[in-house]
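> structure of the sequence below:
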Amino acid sequence: MLNRTLLIYDDKLYRRLDDRRGGFYYYPDTGNMELFDLLNYQVYPFELMPSININARSTKISPDRSKLALAHLYNPVIEVYDINNKTLKTFNYSKDNNIKKRFSVNKYNSDNLIEYYDFIDVTNDHIYVLYRGEKYTTKSRSCLIKKYNWQGNLVSIFKINEKYDISKFFIDSSSNVLIAQSYNNDSVYRFKLH
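The predicted structure is shown next:
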């Protein structure tokens with residue numbers, strides 16, 4: 001087995017590589033690195049911190065270490081990177097099938113952008129995302145847990161009431177249970193997935 005580490009980087013602050021968010025393999029035996037591209041977004045007019053934050057995404061590697069899923073915060077997009085084949089697939093779930101690549105810095109600074117995927121967890125068979133679909137300023141705190149297969153197909157949706165105010169969650173696939181945490185409620189909840 002090849003000795004390597006997979007990492008995500010953001011070069012927007014220090015600008016020493018390519019001014020992008022991307023991924024790379026690090027091979028400790030040789031000290032070599034191998035980069036791979038991820039989808040990147042721009043803000044206009046350019047400001048550094050909004051540029052970094054507009055590219056926010058949650059990441060999770062599959063338990064069998066074969067795939068990496070990346071769920072974007074400001075676009076209804078999930079990227080799946082096949083670690084062994086070194087291929088990236090981008091799944092776009094926007095209504096108009098258009099991935100928004102440029103964002104207004106004014107809309108970002110006024111919290112006037114729609115947030116899509118707040119959190120992600122994966123199993124070897126599925127990707128689970130915490131979907132909001134609301135502007136930060138008008139969040140109802142209700143959410144949907146969307147379950148996709150690794151080919152990007154929606155399998156099912158679980159609605160969680162706003163009273164739980166879910167911040168993050170973990171899937172116990174052996175018992176088909178979602179264990180959720182709420183920062184605001186200072187609580188942990190257990191939901192049976194159907």
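
> any idea of the mean pLDDT for the longest helix anywhere in the chain?
Ranked by residue count and defined by DSSP state H, the top helix of the chain is helix 48-54. Along helix 48-54, the predicted confidence averages to a pLDDT of 94.

> contacts only, for residue 52.
The contact partners of residue 52, by C-beta atoms under 8 Å, 6 or more residues apart in numbering, come to 10, 12, 13. Using the backbone N, CA and C atoms, a C-beta is placed for each residue, glycine as well.

> as a markdown table, those residues with neighbour count would be great.
As requested, these are exported to a markdown table (neighbours: other C-beta atoms under 10 Å):
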| residue | neighbour count |
| --- | --- |
| 10 | 17 |
| 12 | 18 |
| 13 | 11 |
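
> tell me the one of the residues you listed nearest residue 100?
Taking C-beta to C-beta as the measure, residue 100 lies nearest residue 12 of the contacts of residue 52, at 18.1 Å.

> correct me, but that closest one touches residue 22?
No. Using C-beta atoms under 8 Å, residue 12 is not in contact with residue 22; the gap is 10.7 Å.

> which stretches of the chain have low pLDDT?
Counting by pLDDT under 70, the chain has low-confidence residues at 1, 139-141.

> how about the helices in it?
Along the chain, counting by DSSP H, helices occupy 48-54, 105-109.

> to residue 83, which of those lies closest?
Of all those, it is helix 48-54 that lies closest to residue 83, at 25.1 Å by C-beta to C-beta.

> enumerate the positions of the closest one that are buried.
Neighbour-count burial for helix 48-54, counted by 16 or more other C-beta atoms under 10 Å, picks out 50, 51, 54.

> what of stretch 21-35?
Along stretch 21-35, the positions that meet the burial threshold by neighbour count (16+ other C-beta under 10 Å) are 21, 22, 23, 24, 25.

> please apply the same query to stretch 109-122.
Of the residues in stretch 109-122, those with enough neighbours to count as buried (16+ other C-beta under 10 Å) are 113, 114, 115, 116, 117, 118, 119, 120, 121, 122.

> what's the farthest-apart pair in those residues?
Taking C-beta to C-beta, the two most distant members of those are 113 and 122; they sit 25.3 Å apart.
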